[in-house]
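**Student:** okay, here's the prediction I keep looking at, along with the sequence it came from:
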Amino acid sequence: MAGRVELVQGNQACALAAVDAGCRFYAGYPITPSSEIAEAMAAALPPRGGIFLQMEDEIASMGAILGASLAGRKAMTASSGPGFSLMQEHIGYAAFTEIPCVVVNVMRAGPSTGLPTSPAQGDLMQARWGTHGDHPIIVLAPASVAEVYALTVEAFNLSERYRTPVILLYDEVVGHVRERVLLPDPSSVGLVERPRPEGAVAGYRPYAATESGVPPLADFGSGRRFHVTGLTHDERGYPTQDAAAVSRLQERLHAKLERGRGSIVSWEAAGVEDAETIVVAIGIAARAARQAMTVARARGERVGVFRPRTLWPFPDRELAELAGRARRVLVAEMNMGQMLREVERSVAGRAPVLACLRADGLPLTPENVLASLERPAPAGASR
Amino acid sequence: MSETALQQIDYRQYLRMDMMPHILCPGCGHGIVLKALLRAVHRLGLSQEEVVFVSGIGCSSRIVGYVDFCTLHTTHGRPLTFATGLKLARPELTVIVITGDGDGLAIGGNHLIHAARRNVDLTCLLLNNAVYGMTGGQGAPTTPEGMRSSITPDGAIEPAFDACRLALGAGASFVARGLTAQPLQLDDLIVQAVQHRGFSFLEVLSDCPEFFGRYNELGRGPEMLQAQRRHVQWLGAALTEKKFVPGLAPETPHGGAAPAFNAGVLHREERPDLGALLAERAAASGSRPRRRETAAASTATPRATSASPAGPLRIRLAGAGGQGIVMAGLLLAEAAVAAGRNATHAQAYGPESRGGASKAEVIISDGDIDFPCADRVDALVALTREALERYASLLEPGGTLVVDRDQVHVEDGNGFACHALPITATAQQVLGTAMGANLVALGAVVALTGAVPVEAAERAVAARRPGGSLERALAAFRAGLALASTGVKLR
């Protein structure tokens, strides 16, 4: 594959990938530690016929990208925890109205203003459940600069393929670290476009129950007239309170991602084949776990690392299978125990689940993981 | 458009008849606005495919559901944000926003003023009935003082907004006020608002007999329309009183006699809309060469193939914010990558752009780098006393310590190869300013650790030109190189 080797920052890689993925609309609001993405998009978009807007807040940023996406553009916004909270109502709107978009959250230490320049992984649950109501969502969690690039492209592809908002979630260290990466030739990047309707204009149903569960979406202004509303709607997009229609919509929304689960869920496992201890971690914590694994293995300890790349849907079945062969599972994360609950749910008693938690504004280190590995596994009970 | 053509309008042509019956109450003014809107679109000869209606949440916002165009019923208060994205993404569309007084002035007030300031080419109709109808008659930012609502049984005590003054103050290039009591004039205002290039704001005084009328004993729809006529002066040229809202009772301070509110086109100016400005800027940016961000790598091979089996070299640079610590680290890492090696650069910093603590760490390796934040280092550059105190303990035995002699006093090297160098003083001497101490430090650490070839470091400096001048940047870097051999060395 042709390409070029460069030292690239995580946030810059996100912007480069967005442009290569066909993103031609960005709206955002400044917030540390995500602002480099906006700055890079402000420079990159106008010469490519794209639009960059600094909006009055994150609510407006999300509104603007949804409007642009309905007009047919691939669109993105980026923020950090507090701004991500402001976006939540519109993330729910996007999920319910099935408007493709990509939302980046570069996590800093919270809650509230917290430690704006320090890393954390405190938004794992906000990314899944931050908006109101039942909704499916895809959340991708890169751990390196190269992966920020790859998963940003993947985020656009998944959002288009499934007509859904996709959240790209990484911590401040991954956002600000610079690494040597091979940037691909943009023409070699595989891109997905949302399904668009073909054939007769009359009778277009933007929420039809198609076989794939993903109805084709027409661009506003392309000749098909239709209604989009956050009210519960029927296949025409018209508001409805009919219980059967309401139920059909909810079930289709969940089924479309469940049906695609095989092509959505992604994880990386290292050293898990013979592992007595499986460390589960994402982002920079996963890299600490990898280094700890190298050290532990050199000492003869059988340690493996399981790293979800899709945080949601969580690779629960895959982890459960591996955990069944291990003696214990250790969750290493930079919060007070968020992924821990999901791992406990997934492992479901097949092995005890221990925690290595750090929430003091500093990155979780290999030493933290090694220290946790020295703790004896509790007999029987989880944690 | 002639009277004949007007008579020819068949409203059903523009309505989603399969969405009827509508939810508006008998006597609600919003239906009058809906018909005026359709007559205006008809008169303008716009096709249903090229007009998009965008609305928020509330009674007024519901009317977009009934019109057969592309219609976007968004969230409470936010229709202008969606409309902004839509219009800029597809400028050929005519985008008309329908909002209410609660939607557009309370929860969405911030978006209204920014859309006006940006002068996005949108038409915004704000249907003001002075009350929250859909939620059961609560007071709004437009409920006049003294008037009753479900939550102000003794009369509102907060002053009310004048929506037109607000839009004008925020920079709307077209501001008008219309009345449901004068629907044909309303047609004209909508036509003018849509024709105007830029942000057109049209407040329409509408009535809510069901709640506002009932709470304030103002009668039903017809009586409330009569009251509008009594209290509004048509086609005023200036914004005057702000006391009027629909359904003003005869016993209010105005006594029901003198007109208190002006209607008609209140303001119109020609200025470029945001879409035009963005297009202009984009055309200019296409021809402007962009500054190169980084030094290109010397090879396209992703994996380094150095013969040296040495482990990773971990270097931490630390000092105060504004000293260019992060930049020095970046140059070091770029030089390493340009020289065909693997490298990472991690940073930590405080909220201050100047002052506070700042650090960067660079790991240079010939293999994979699992964890980019080193907690043990092989070399430490400390430009402040605080940096030395915080990080000296992380230095491996036999590691290299570089300190700024004038900032940090070191009694002995504590077993490190300690180089106390006049880093800031050298920058001052070579450049005439302390800015550039980072490049002096970079030169010193390159010379002392051999972390990267000097030529690679010079290429990285040349590519970025920190400080703006290639000559000055290189002079500082080379002064740092030279310092390394002359500095005080402690063991």
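**Tutor:** Right, received. Where do you want to start?

**Student:** host element of the residue of the stretch 251-383 of chain A found nearest chain B?
**Tutor:** Of all residues in the stretch 251-383 of chain A, residue A:291 sits closest to chain B, at 3.9 Å by CB to the nearest CB. Yep, even glycine has a C-beta here, placed from its N, CA and C like the rest. Under the criterion of DSSP states H and E, residue A:291 resides in helix A:283-298.

**Student:** how about the contacts made by the residue of the stretch 251-383 of chain A closest to chain B?
**Tutor:** A:366, B:370-371 (CB atoms under 8 Å, 6 or more residues apart in numbering or on different chains).

**Student:** what about 10 Å?
**Tutor:** Applying CB atoms under 10 Å, 6 or more residues apart in numbering or on different chains to residue A:291 gives the contacts A:305, A:365-367, A:369-370, B:368-372.

**Student:** and residue B:455, what helix or strand is that in?
**Tutor:** helix B:454-464.

**Student:** now do the buried residues in that helix.
**Tutor:** B:456-461, B:463-464 (16 or more other CB atoms under 10 Å in any protein chain shown).

**Student:** ditto for stretch B:316-323
**Tutor:** Buried, per 16+ other CB under 10 Å, within stretch B:316-323: B:316-321, B:323.

**Student:** report the distance from that stretch to the chain centre.
**Tutor:** 30 Å (CA atoms, centre = their mean, to the nearest Å).

**Student:** avg pLDDT for it?
**Tutor:** What stretch B:316-323 shows for mean pLDDT is 92.

**Student:** tell me where chain A has helices.
**Tutor:** All helices of chain A, identified by DSSP state H, fall at A:10-20, A:35-44, A:58-70, A:81-97, A:124-129, A:145-162, A:172-176, A:243-259, A:261-264, A:283-298, A:316-323, A:339-347, A:366-374.

**Student:** will you turn those into CSV that also has mean pLDDT?
**Tutor:** Output for the helices of chain A, formatted as CSV (pLDDT from 0 to 100):
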stretch, mean pLDDT
helix A:10-20, 98
helix A:35-44, 98
helix A:58-70, 98
helix A:81-97, 98
helix A:124-129, 98
helix A:145-162, 98
helix A:172-176, 97
helix A:243-259, 97
helix A:261-264, 96
helix A:283-298, 97
helix A:316-323, 97
helix A:339-347, 98
helix A:366-374, 96
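
**Student:** out of these, flag the one nearest residue B:197.
**Tutor:** Closest of the helices of chain A to residue B:197 is helix A:58-70, at 19.4 Å (criterion: CB to CB).

**Student:** and that closest one, anywhere near chain B?
**Tutor:** Yes. On the criterion CB under 10 Å from any CB of the partner chain, helix A:58-70 is in touch with chain B at A:59-70.

**Student:** could you export the residues you listed as CSV, including neighbour count?
**Tutor:** Compiled in CSV, the residues of helix A:58-70 next to chain B are given as follows (neighbours: other CB atoms under 10 Å in any protein chain shown):
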residue, neighbour count
A:59, 24
A:60, 30
A:61, 30
A:62, 35
A:63, 33
A:64, 32
A:65, 35
A:66, 31
A:67, 33
A:68, 30
A:69, 30
A:70, 28
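
**Student:** show me what contacts the residue nearest the centre of chain B?
**Tutor:** Nearest to the geometric centre of chain B sits residue B:114, at 9.9 Å (CA atoms, centre = their mean). Residue B:114 is in contact with A:55-57, A:60, B:80-81, B:84, B:120, B:170-171, counting by CB under 10 Å, 6+ apart.

**Student:** ChimeraX command for the buried members of those residues?
**Tutor:** Buried subset of the contacts of residue B:114, written as a ChimeraX selection, criterion 16+ other CB under 10 Å:
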select /A:55,56,57,60 /B:80,81,84,120,170,171
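
**Student:** export the contacts of residue B:114 as a markdown table, with columns for distance to residue B:344.
**Tutor:** Shown next, in a markdown table, are these (distance: CB to CB, whole Å):
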| residue | distance to residue B:344 |
| --- | --- |
| A:55 | 33 |
| A:56 | 37 |
| A:57 | 34 |
| A:60 | 36 |
| B:80 | 43 |
| B:81 | 38 |
| B:84 | 39 |
| B:120 | 43 |
| B:170 | 47 |
| B:171 | 47 |
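
**Student:** quickly name whichever of the contacts of residue B:114 is closest to residue A:252.
**Tutor:** residue B:81 (27.4 Å).

**Student:** could you say which helix or strand holds that closest one?
**Tutor:** Per DSSP H and E: helix B:79-89 holds residue B:81.

**Student:** hmm, that helix in reach of chain A?
**Tutor:** Yes. Judged by CB under 10 Å from any CB, helix B:79-89 and chain A are in contact via B:79-89.

**Student:** burial count for residue 107?
**Tutor:** I went with chain A, as the question did not name one. Residue A:107: 30 surrounding residues under other CB atoms under 10 Å in any protein chain shown.

**Student:** the chain in question should be chain B.
**Tutor:** 18.

**Student:** what do you get for residue A:161?
**Tutor:** 20.

**Student:** what's the pLDDT at the closest residue to residue A:275 other than its chain neighbours?
**Tutor:** In this structure, residue A:275 finds its nearest non-sequential neighbour in residue A:304, 3.2 Å apart by CB to CB, 6 or more residues apart in numbering or on different chains. For residue A:304, the pLDDT comes out at 98.

**Student:** residue A:304 is in contact with residue A:269, isn't it?
**Tutor:** Yes. Here residue A:304 lies in contact with residue A:269, judged by CB atoms under 10 Å, at a distance of 6.7 Å.
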